[in-house]
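Asker: The sequence isn't on hand, but the structure is:
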């Protein structure tokens, strides 16, 4: 849950590398999450472009909503048509004013009907601050820069009348807060240093995640108390 520049973890679980990005792991995670949420809630699951149509359909089976970025070689088509085109064709239609294209179909091999939105943020003029002597040729700044400059193509099963395009873009923009929390968790310089863990056991990693979560909540509550 996004909150004050960071995210508060409701549920977190490690899976074996062999189950990475698998439908089995996704379905288990969603089932576990459903078991701890109040039965009268209908969450909106916000995910990045790494999650695909099988994930969207699993979320829908629970009666929930989803909002996700779409990138890469994904194709789209009008409802009731077979005029499949690369999703990247929509980049030129995007602007700093968010807008909806209404309902389309995504992915030719496993189609799903959803609302498509477009948005392109204004350039923030940021420059690479990496040292010119160390790691100056590391590819990650170029990769992150290309991703940041690429227009957002968002897909969601939320009905058009529930949220405006601007509201949905604002909701998706908060997803970055979980990345900040990941840094708090993994970074040896700015966080708890979980990156240095050498365990290969998902069960043991779950225990470390629980300990880290308790530490993060303690620090967060201490900060809230100090502000008062």
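Answerer: Yes, it's here. Just so it is clear, the model here is predicted, and its values are computed rather than measured.

Asker: lowest confidence element among the helices and strands of this protein?
Answerer: When the helices and strands of the chain are scored by mean pLDDT, DSSP states H and E, helix 140-149 comes last with a mean of 56.

Asker: Now do the same for residue 215: helix, strand or coil?
Answerer: Secondary structure, DSSP: H, G, I helix; E, B strand; the rest coil: residue 215 is helix.

Asker: what's the nearest residue to it if we skip its chain neighbours?
Answerer: residue 192 (6.5 Å; Cβ to Cβ, 6 or more residues apart in numbering). For glycine as for every other residue, the C-beta is placed from the backbone atoms N, C-alpha and C.

Asker: try residue 107
Answerer: Closest to residue 107 by Cβ to Cβ, 6+ apart is residue 53, at 5.1 Å.

Asker: can you pull the contacts of the one you found?
Answerer: Contacts for residue 53 (Cβ atoms under 8 Å, 6 or more residues apart in numbering) come out as 106-107, 110-112.

Asker: Which stretches in this structure count as helices?
Answerer: Under the criterion DSSP state H, the chain contains helices at 23-36, 53-61, 140-149, 165-173, 176-186, 202-227.

Asker: Dump those into JSON lines; add distance to residue 74 as well.
Answerer: Shown next, in JSON lines, are the helices of the chain (distance: least, Cβ to Cβ, whole Å):
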{"stretch": "helix 23-36", "distance to residue 74": "18"}
{"stretch": "helix 53-61", "distance to residue 74": "9"}
{"stretch": "helix 140-149", "distance to residue 74": "15"}
{"stretch": "helix 165-173", "distance to residue 74": "16"}
{"stretch": "helix 176-186", "distance to residue 74": "21"}
{"stretch": "helix 202-227", "distance to residue 74": "30"}
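
Asker: ranking the ones you listed by mean pLDDT, which is last?
Answerer: Lowest mean pLDDT within these: helix 140-149, at a mean of 56.

Asker: Counting neighbours, what do you get for residue 178?
Answerer: For residue 178, the count of nearby residues is 16 (other Cβ atoms under 10 Å).

Asker: what sits against it?
Answerer: With Cβ under 8 Å, 6+ apart, residue 178 has these contacts: 2, 7.

Asker: From here on, call the first residue 775.
Answerer: Done: numbering now begins at 775, and the last item shifts to residue 952.

Asker: and it, how far is that from residue 817?
Answerer: 14 Å (Cβ to Cβ, to the nearest Å).

Asker: Look up the closest residue to residue 782, ignoring the ones flanking it.
Answerer: Nearest non-adjacent residue to residue 782 (Cβ to Cβ, 6+ apart): residue 775, at 4.9 Å.

Asker: got the contact list for the one you found?
Answerer: 781-782, 784.

Asker: out of those, which one sits closest to residue 849?
Answerer: Checking these against residue 849 by Cβ to Cβ gives residue 781 as the nearest, at 31.7 Å.

Asker: if I look at the closest one, how far off is residue 954?
Answerer: Residue 781 is 7 Å from residue 954, by Cβ to Cβ.

Asker: out of the two, which sits in the more crowded spot?
Answerer: residue 781 (20 against 15).

Asker: got the buried residues for stretch 819-837?
Answerer: 819-821, 823, 825-830, 832-833, 836 (16 or more other Cβ atoms under 10 Å).

Asker: Distance from that stretch to the middle of the chain?
Answerer: 10 Å (Cα atoms, centre = their mean, to the nearest Å).

Asker: And it, end to end?
Answerer: Taking Cα to Cα, to the nearest Å as the measure, stretch 819-837 stretches 11 Å from start to finish.
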